[in-house]
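Colleague: sequence plus predicted model, see below.
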Amino acid sequence: MAVDEATGSLNDELLAIFAGERLENTYSIWNRVREQPPVLPVGPIVLITRYDDVKAALADRERYSAKLHLVGNRAEQIVASLSPDAADMWREMAMYEFRQMSRSDGEEHDRLRRIAHRFFTPRVTKSMQDQIKLIIDDLFADAEAAGGVYDQKAFAQQIAARVMAYVIGSPDLDTPKLINWANALGRWLGTHDEQRIREAYVARVEFNDYIENVIIAGHRRNPGTNELVAALMDAEGEENLSTGEMIAMVSNILFAGVETTTVLLSSGLLELMRHRDQWEAICADPSKVEPAVEEMFRYFAPVQWTPRVAIVDFEQDGVEIRTGQTVMAVLATANRDPSVFDEPDVFDIDRVGPPHLGLGFGARFCLGSSLVRTEARVFFTTLAERYPDVELGTDPDELDWSGSNPIMRSVSALPVRLGPQGR
Ligand code: HEM
């Protein structure tokens, strides 16, 4: 095949991935991307794929903005393709997201991040450990009651959403609503699909109303009961969040924390089942859970890429990047850069080497990193100690990867049997 033809078909395959198609093949496509120049234009996007370049881009606040929906050629291209009412919804959501920490820049980002750090401290995360364990024990009790056969994707989603419900001070009863909102809000980014945009719009309206009238109003009626709202809105003599900023912050945290954690706990179990010897090593020595979780972040990058928009013109590796260009820092390829990781395509829980970029890097490094590491540690340790015979209830090659958010690539279901020790 001629070089241009090969690049042409790779281009199509990448565009299919961005549209959420052919996700079962993602890593074979990423492997081909690695053979291409490290700064790779694909349709309206430029991909940055090497470890050092991705790290530098994530840390670069002079060249890049995170305000993806307001500036950027990709956003313009999407809006231009929509019907007038879908385009209005899109713009309204974009204006709203603009208030989120993840979509703010510079000093505004620093301020929101400082405030958020009042809650996301090691002390608060540690204090949540017992609650996380209770949630996980409760879900395993349900799985046992159902005969020890369950869907790990749904199970992981329940863990992630119940922990997040606890974080935002929402009653367990509302967990299904939180899951629906988080799913809908995760699916409008980068899509031309008007149905998804409408669903996200409805979720946005309902969720904003819920935060204001249930979570914040509940805290005002009973001060002292909601640690998150108190930390972010009631600090004496310090900068606080307004109600509008609080709604944006809670929404940011919910969206950032549910789907990501669901992917980690479901794809993580899939890899351990695919590498049975490593699972057995963990069962023999559960202290291996921690390095195993770090290897999961590296190996399948629960967040496959993270976008930025160029705010100045510059050239990188021979590619002209103009103001407004949407650039994707591909964590999935950076984490398998062969110049940084030995045998990058091998899943190895005993790997030693440089840190992965699965939780980002720099000023936007994942705010929930210690929380999600705790959730994963408690989940996999409980599973190893109680259910070492756990196994997949299906052939891993038959799993369905369609329908997920392409950034957070995931199976639609992962049938699991806990095995006899689970009795
Ligand atoms: C498997 C689990 C998770 C993964 C892989 C993950 C990954 C990431 C990554 C890659 C970023 C950087 C994004 C960028 O630079 O554009 C990020 C930021 C963020 N994460 Fe996570 N995350 C996870 C779980 C969580 C959880 C549980 C929470 C909340 C409790 C959370 C809250 C956030 C927030 C708020 C940001 C934005 C920080 C900022 O803009 O300063 N994440 N995460």
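Modeller: Great, that's in hand. Predicted model only: the values in this text are computed from it and were never measured.
Colleague: when you work out contacts or count neighbours from here on, use the C-alpha atoms and nothing else.
Modeller: Noted.
Colleague: with the ligand as the reference, measure out to Ala203.
Modeller: 19 Å (CA to the nearest ligand atom, to the nearest Å).
Colleague: ramachandran angles for Ala413?
Modeller: Main-chain torsions, Ala413, degrees, to the nearest 10: phi -160, psi 150.
Colleague: can you tell if stretch 38-55 touches the ligand?
Modeller: No. Stretch 38-55 lies out of reach of the ligand by CA under 6 Å from any ligand atom, never closer than 9.6 Å.
Colleague: burial count for the residue lying closest to Asp234 once chain neighbours are set aside?
Modeller: Leaving aside its sequence neighbours, Asp234 sits nearest to Asn240 (CA to CA, 6 or more residues apart in numbering; 6.5 Å). Using other CA atoms under 10 Å, Asn240 has 19 other residues around it.
Colleague: max-length helix in this structure?
Modeller: helix 243-274 (DSSP state H).
Colleague: give the other helices and strands that that helix contacts.
Modeller: helix 152-168, helix 175-186, helix 194-210, helix 227-233, helix 276-284, helix 289-300, helix 369-386, strand 391-392 (3 or more CA pairs under 8 Å, 6 or more residues apart in numbering; DSSP states H and E).
Colleague: for Ala6, give me the pLDDT.
Modeller: On the pLDDT scale, Ala6 is placed at 51.
Colleague: quick revisit: save the helices and strands packed on helix 243-274 as CSV, and put in mean pLDDT and mean neighbour count too.
Modeller: What follows is these, written out as CSV (pLDDT from 0 to 100; neighbours: other CA atoms under 10 Å):
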stretch, mean pLDDT, mean neighbour count
helix 152-168, 95, 23
helix 175-186, 88, 20
helix 194-210, 93, 18
helix 227-233, 92, 21
helix 276-284, 98, 17
helix 289-300, 98, 22
helix 369-386, 97, 20
strand 391-392, 97, 19
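Colleague: of these, which is nearest Ile29?
Modeller: helix 289-300 (13.5 Å; CA to CA).
Colleague: next helix or strand past that closest one?
Modeller: Next helix or strand after helix 289-300 toward the C-terminus (DSSP states H and E): strand 305-310.
Colleague: what's in contact with that next one?
Modeller: 63-68, 71-72, 321-332, 407 (CA atoms under 8 Å, 6 or more residues apart in numbering).
Colleague: go again using 7 Å as the cut-off
Modeller: 63-66, 68, 72, 322-332, 407 (CA atoms under 7 Å, 6 or more residues apart in numbering).
Colleague: let me see the contact set for the residue of the stretch 51-200 of the chain found nearest the ligand.
Modeller: The stretch 51-200 of the chain approaches the ligand most closely through Ser102 (3.5 Å), counting by CA to the nearest ligand atom. Residues in contact with Ser102 (CA under 7 Å, 6+ apart) are Ala66.
Colleague: confirm that it sits in a helix.
Modeller: Yes. Membership of Ser102 in a helix is supported by DSSP: H, G, I helix; E, B strand; the rest coil.
Colleague: quick check: it vs Ser242, distance?
Modeller: 17 Å (CA to CA, to the nearest Å).
Colleague: show me what from the stretch 51-200 of the chain comes close to the ligand.
Modeller: So the stretch 51-200 of the chain meets the ligand at Leu58, Met101, Ser102, Arg113 (CA under 6 Å from any ligand atom).
Colleague: what does the stretch 201-350 of the chain have sitting close to the ligand?
Modeller: Counting by CA under 6 Å from any ligand atom, the stretch 201-350 of the chain sits next to the ligand at Asn252, Ile253, Ala256, Gly257, Thr260, Thr261, Leu264, Pro302, Val303, Thr306.
Colleague: still on that earlier bit, by how many degrees do the longest helix of the chain and helix 175-186 diverge?
Modeller: 90 degrees (axes from the mean of the first three to the mean of the last three CA atoms, to 10 degrees).
Colleague: the inter-axis angle of helix 243-274 versus helix 276-284?
Modeller: Going by the same axes, to 10 degrees, helix 243-274 makes 110 degrees with helix 276-284.
Colleague: what residues are up against the residue nearest to the spatial centre of the chain?
Modeller: The chain has Thr260 as the residue nearest its centroid, 3.2 Å off, counting by CA atoms, centre = their mean. For Thr260, the contacting residues are Pro302, Val303, Met408, by CA under 7 Å, 6+ apart.
Colleague: need the residues you listed in CSV with pLDDT, can you?
Modeller: Formatted as CSV, the contacts of Thr260 follow (pLDDT from 0 to 100):
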residue, pLDDT
Pro302, 97
Val303, 97
Met408, 91
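Colleague: are any of these buried, and which?
Modeller: Pro302, Val303, Met408 (16 or more other CA atoms under 10 Å).
Colleague: touching, the last one and Phe300? I think so.
Modeller: No. At 9.8 Å, Met408 and Phe300 do not qualify as touching, with contact defined as CA atoms under 7 Å.
Colleague: relative to Ala16, how far out is the residue nearest to Asp234?
Modeller: Counting by CA to CA, the gap from Asn240 to Ala16 is 43 Å.
Colleague: tell me the one among the contacts of Thr260 nearest to Leu392.
Modeller: Pro302 (20.1 Å).
Colleague: tell me the contacts of the closest one?
Modeller: Thr260, Val263, Leu264, Met408, Arg409.
Colleague: hang on, the earlier thing: show me the two of the residues of the stretch 201-350 of the chain next to the ligand that sit farthest apart.
Modeller: Farthest pair in those, by CA to CA: Asn252 and Leu264, 18.5 Å.
Colleague: counting neighbours, go ahead and name the busier of the two.
Modeller: Leu264 (26 against 19).
Colleague: rewinding a little: wait, which of the helices and strands packed on helix 243-274 is closest to Ile247?
Modeller: helix 194-210 (6.1 Å).
Colleague: export the closest one as PDB, just CAs?
Modeller: As requested, the backbone C-alpha atoms of helix 194-210 are provided in PDB (Å, rounded to 0.1, in the frame of the first residue of the first chain):
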ATOM      1  CA  GLU A 194     -28.200  16.100  17.700                       C
ATOM      2  CA  GLN A 195     -30.000  13.500  19.900                       C
ATOM      3  CA  ARG A 196     -27.000  13.300  22.200                       C
ATOM      4  CA  ILE A 197     -26.800  17.100  22.300                       C
ATOM      5  CA  ARG A 198     -30.500  17.300  23.200                       C
ATOM      6  CA  GLU A 199     -30.100  14.700  25.900                       C
ATOM      7  CA  ALA A 200     -27.100  16.500  27.400                       C
ATOM      8  CA  TYR A 201     -29.100  19.800  27.300                       C
ATOM      9  CA  VAL A 202     -32.000  18.300  29.300                       C
ATOM     10  CA  ALA A 203     -29.500  16.600  31.700                       C
ATOM     11  CA  ARG A 204     -27.800  20.000  32.200                       C
ATOM     12  CA  VAL A 205     -31.100  21.800  33.000                       C
ATOM     13  CA  GLU A 206     -32.200  19.000  35.500                       C
ATOM     14  CA  PHE A 207     -28.800  18.700  37.100                       C
ATOM     15  CA  ASN A 208     -28.300  22.400  37.700                       C
ATOM     16  CA  ASP A 209     -31.800  22.600  39.300                       C
ATOM     17  CA  TYR A 210     -30.900  19.600  41.500                       C
END
